[in-house]
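Engineer: Below is the structure, and that's it, no one-letter string:
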C-alpha cells in the first residue's frame with residue numbers, strides 16, 4: 001500500500017478565504033440579505049450547497065438559490081479570483097512530500113475550473129497525482145464525499161496511510177468521518193482551538209512552516225513510523 005497526503009486548497013495553499021467571503025457577502029446583498037462579513041467568513045470551507053442554508057430558508061433557496069449561487073460564482077471569477085495569491089513554499093512542500101515517498105492529491109470545495117487556476121498559481125500542476133472538486137460530488141464539506149472521492153482515485157491507499165491538510169474545521173470534520181487524520185494550518189484564519197476541536201491532530205502556521213518542520217509533522221514517514229498505533 002502507498003501513502004498519500006491530501007491537500008485542501010482554498011486557505012491552505014492559496015490565500016482566498018477573505019475573497020470568497022466578500023463574494024458571498026455581495027451575492028447575499030443582491031438577493032436581499034445583509035450579513036456581516038465575519039459570519040460569512042466562518043462558513044468558508046463549505047461549498048454553496050452547505051453554506052447557503054446557514055443564511056436562507058429552504059423556501060428561499062427553492063426560489064432563488066440556484067441563481068444566487070450562479071451569480072456568486074460569476075462574481076468571484078470576475079472580481080475576486082484575479083487577486084488570489086499562493087502561500088509561500090507550496091511547491092517546495094509538495095516536492096518534499098513526494099521525495100518522502102508520498103503521493104499528492106487535492107480535495108477542494110472549489111469548482112474544477114477554479115482549481116485549475118489555483119494549481120497554476122501555486123505552480124504544482126505537475127506534482128498533483130489526483131484531484132477532486134465540488135463538481136465530482138453531490139455534497140461538499142463537512143460531508144466526507146470529496147475525501148472519499150480522492151481516496152477512490154488514489155486506489156491503493158488505506159485511510160491509515162493518508163493524511164489530510166486543511167485550514168478549516170470542515171476539513172477536519174469531513175476527514176474524521178472517514179477516519180482520516182487531519183493536519184491543520186492557521187493561514188486560512190480559523191483559530192487553533194477551533195481546528196483542534198474539530199479533530200486536527202497537529203497545527204502548523206502555513207505550508208512554509210510545514211516544510212520547515214517536516215519531520216515533526218504527520219506527513220513524514222518517520223513521524224508515521226514513530227506514532228503508528
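Structural biologist: Received it, and whenever you're ready, just let me know what you need. All of these numbers come straight from a predicted model, not from anything done at the bench.

Engineer: Residue ranges of each domain in this protein, please.
Structural biologist: With domains defined by automatic domain parsing, the chain comprises 3-15+85-226, 17-83.

Engineer: what's the most buried one of these?
Structural biologist: Across the domains of the chain, the average number of neighbours (mean count of other Cβ atoms under 10 Å) peaks for domain 3-15+85-226, which reaches a mean of 20. (Glycine included, C-beta is placed from N, CA and C.)

Engineer: Average pLDDT for that one, rounded please.
Structural biologist: Average pLDDT, domain 3-15+85-226: 95.

Engineer: Residue 147 is in contact with residue 174, isn't it?
Structural biologist: Yes: using Cβ atoms under 8 Å, residue 147 is in contact with residue 174, at 5.7 Å.

Engineer: Could you measure from residue 122 over to residue 142?
Structural biologist: Residue 122 sits 24 Å away from residue 142, going by Cβ to Cβ, to the nearest Å.

Engineer: Please apply the same query to residue 112.
Structural biologist: Distance from residue 112 to residue 142, by Cβ to Cβ: 20 Å.

Engineer: Same question for residue 98.
Structural biologist: Residue 98 is 28 Å from residue 142, by Cβ to Cβ.

Engineer: What separation is there between residue 94 and residue 10?
Structural biologist: Note on residue 94: its distance to residue 10, by Cβ to Cβ, is 17 Å.
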